[in-house]
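**Q** dropping the sequence and predicted coords here.
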Amino acid sequence: MKTIGTIAAIAAIAFTSCNGQDSSKPIDLKTEKDSVSYAMGVAFGGDVKGYLEQSGLDTTLDVKMILAAIGQSVNGTSSLDEEASIAIIQAFQTKQAEERGKASKAVGDKFLTDNAAKPNVITTESGLQYVVLTEGTGDAPTIMDQVKVHYTGKLLSGKVFDSSMERGEPVTFYLRQVIPGWTEMLQLMKPGGEVKAFIPGNLAYGPNGGPQGSGIGPNEVLEFDIRLIDVIKEEKK
């Protein structure tokens with residue numbers, strides 16, 4: 001079953017361009033073969049939907065061509081073998097990711113430029129921006145320390161992609177284990193402090209985007225509400 005992800009990728013490129021084909025009409029399942037075939041299509045369609053939601057790829061190819069290729073592949077008469085097909089898909093995905101990255105960087109750069117001019121926004125030498133909501137007290141963490149924090153992460157669209165606050169459980173981690181923007185931001189905070197941070201793409205997940213399923217595209221600027229609850233100092237041996 002190693003090709004399921006690849007098949008979903010192929011279909012994802014094409015299935016949103018149906019050339020007016022009506023896929024909403026009910027299908028009469030008269031035989032067991034009809035039912036099994038339809039059930040396989042439903043399962044396959046679920047994979048495609050999930051891939052589309054995670055990838056954000058633009059889709060421009062022809063669904064009829066995809067369906068023809070699936071039929072030929074099943075019959076062993078396809079013009080491309082699996083290795084060649086994977087190479088074509090990967091090249092397309094790379095091209096799409098590069099285009100998305102350029103567009104996202106342009107949007108992010110404009111946002112950061114406009115945001116830097118707003119009252120109370122502090123911009124560091126690296127390009128990290130933040131607004132202090134609550135001043136903390138005590139010692140700031142170093143890169144060798146652990147921290148306990150609550151946070152909510154959003155895209156510039158306002159969509160929340162992760163939130164310990166919504167889960168109701170703070171997280172603890174070493175500063176050296178997170179994205180550069182977080183490592184820098186938390187070293188500027190003290191326990192009890194709260195900030196709204198704006199992390200440029202190069203200090204977040206860069207041109208590759210976030211982990212699969214995160215919804216974070218390449219070069220995206222991320223917005224975080226961060227509350228530093230505690231600093232756990234590295235014990236000296």
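**A** Received the coordinates, thanks.

**Q** okay, CA-based contacts and neighbour counts for the rest of this
**A** Will do.

**Q** sketch out the low-pLDDT regions of the chain for me.
**A** Applying pLDDT under 70 to the chain flags the ranges 1-25, 45-46, 48-63, 66, 234-237.

**Q** one more pass at 80, please.
**A** Applying pLDDT under 80 to the chain flags residues 1-27, 40-71, 73-74, 89, 93, 212-213, 234-237.

**Q** break down it into its strands, ranges please.
**A** For the chain, applying DSSP state E gives strands covering 122-123, 129-134, 146-155, 160-163, 171-174, 194-199, 222-232.

**Q** now the nearest residue in space to Gly127 that is not next to it in sequence: phi and psi?
**A** Once flanking residues are discounted, Gly127 sits nearest to Pro200: 6.8 Å by C-alpha to C-alpha, 6 or more residues apart in numbering. Backbone dihedrals for Pro200, given as degrees, to the nearest 10, come out at phi -60, psi 160.

**Q** from what I see, Pro200 and Gly108 are in contact.
**A** Yes. Between Pro200 and Gly108 there is a contact under C-alpha atoms under 8 Å: 7.2 Å.

**Q** now do the shared contacts for these two.
**A** Shared contacts of Pro200 and Gly108, defined by C-alpha atoms under 8 Å, 6 or more residues apart in numbering, comprise Asn219, Glu220, Val221.

**Q** scan those and report the most crowded one.
**A** Of all these, Glu220 has the most neighbours under the rule other C-alpha atoms under 10 Å, reaching 31 neighbours.

**Q** output the contacting helices and strands for the helix ranked longest in the chain.
**A** Criterion DSSP state H: the longest helix present in the chain is helix 82-116. Packed against helix 82-116, as judged by 3 or more C-alpha pairs under 8 Å, 6 or more residues apart in numbering; DSSP states H and E, are the following elements: helix 4-14.

**Q** 7 Å instead, please
**A** In terms of contacts (3 or more C-alpha pairs under 7 Å, 6 or more residues apart in numbering; DSSP states H and E), helix 82-116 is packed against no helix or strand at all.

**Q** what's the offset of that helix from the middle of its chain?
**A** Computed by C-alpha atoms, centre = their mean, to the nearest Å, the chain-centroid distance of helix 82-116 equals 12 Å.

**Q** what angle do it and strand 129-134 make?
**A** Counting by axes from the mean of the first three to the mean of the last three C-alpha atoms, to 10 degrees, helix 82-116 lies at 60 degrees to strand 129-134.

**Q** ok so, going back, ok, the residue nearest to Gly127 - contacts?
**A** Pro200 makes contacts with Gly127, Leu128, Glu220, Val221, Leu222, as judged by C-alpha atoms under 7 Å, 6 or more residues apart in numbering.

**Q** quick check, the second one in contact with Phe198.
**A** Right, Leu128. Yes. Counting by C-alpha atoms under 7 Å, Leu128 does reach Phe198; the two are 6.3 Å apart.

**Q** which one's more surrounded, those two?
**A** Set side by side, Leu128 and Phe198 show more neighbours around Phe198, with 30 against 22, by other C-alpha under 10 Å.

**Q** now do the contacts for the more buried one.
**A** Leu128, Gln129, Tyr130, Val221, Leu222, Glu223, Phe224.
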